[in-house]
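**Q** Got a sequence here, can you model it:
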Amino acid sequence: MTKEISRLTAQTRTTSGKGAARQLRRSGRLPAVVYGRRDEAEALELNTQELTRLLGRIRAATTVIDLEVDGGKPRPVLIREIQRHPFRPELLHVDFFEIRSDVKIRVQVPIHLVGTATGMEMGGILQQHRHEMEVECLPGEIPSGFEIDISELDIGDAIHVSDVDAGGVTVLGDMDETICTIVPPAAEEVEEEVEVEEGEEEEAEAEEEAEG
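**A** Residues are numbered from 1 along each chain as shown. Model prediction:
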């Protein structure tokens, strides 16, 4: 589990609108908002390079950030959403959610599969159905990720949510849901053939409708 707390500075933003946001980004600043503990969301601006450097060394969804606004007392926040340009490697906007150290929150924690399954060495195919698990815990207890050792899995074996050692945090959702499984090569091929056939049928139907 990680208790890393990173720092970020911001200033109150007095402008609004798309034009003002574009001008702000051209000057190396990024529009942002923080919400959660106050009646209304607060409009902020921050240094784009500072945030970019921070994002390069943390996992945004699970790292608590001390956000210092206008030189005031740092406030613990989580990043809830990052808007990026659809074509360029450019940040457009970021949403922060203010939290309390004594109040539990819900976060999505990544799942990391480690090792090489025995079944894969025999030709089996690894299928990963879930890449994250939702947990509820205090901010200081947020796991950085769940590492799952798959080395003992044979063909036909599977790992479910209930099999994961959550380390004391509360896992939410269906505990019987499959995280990953090792399937025979034949099953993988049949699945691909079915997808191809379905795709061909949909294409044929679309062509008939177009001709009609």
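
**Q** Next, residue 66: secondary structure please.
**A** Per DSSP: H, G, I helix; E, B strand; the rest coil, the local secondary structure of residue 66 is strand.

**Q** The helix or strand harbouring residue 147 packs against which elements?
**A** Using DSSP states H and E, the element containing residue 147 is strand 146-149. Applying 3 or more C-beta pairs under 8 Å, 6 or more residues apart in numbering; DSSP states H and E, one finds that strand 146-149 contacts strand 105-114. (Each C-beta comes from the backbone N, C-alpha and C, glycine too.)

**Q** which parts of the strand it packs on are buried?
**A** Buried residues in strand 105-114, counting neighbours by 16 or more other C-beta atoms under 10 Å, are found at 105, 107, 109, 111, 113.

**Q** do stretch 76-83 as well
**A** Quick answer for stretch 76-83 (16+ other C-beta under 10 Å): 76-80, 82.

**Q** After the strand holding residue 147, which helix or strand is next?
**A** Downstream of strand 146-149, the first helix or strand assigned by DSSP H and E is strand 158-160.

**Q** how far does that next one sit from the chain's center?
**A** Relative to its chain's centre, strand 158-160 lies at 21 Å (C-alpha atoms, centre = their mean, to the nearest Å).

**Q** Show residues contacting stretch 10-23.
**A** With contacts defined as C-beta atoms under 8 Å, 6 or more residues apart in numbering, stretch 10-23 is touched by 24, 31-32, 34, 42-46, 67-70, 92-93.

**Q** got the end-to-end distance for that stretch?
**A** 17 Å (C-alpha to C-alpha, to the nearest Å).

**Q** Equivalent analysis for stretch 57-73, please.
**A** End-to-end distance for stretch 57-73, by C-alpha to C-alpha: 24 Å.

**Q** Pretty sure residue 76 sits against residue 65.
**A** Yes: if you go by C-beta atoms under 8 Å, residue 76 and residue 65 touch, sitting 7.2 Å apart.

**Q** give me the beta-bridge partners of the closest residue to residue 58 other than its chain neighbours?
**A** For residue 58, ignoring the flanking residues on the chain, the nearest one in space by C-beta to C-beta, 6 or more residues apart in numbering is residue 6 at 5.7 Å. Applying DSSP bridges to residue 6 gives these bridge partners: residue 65.
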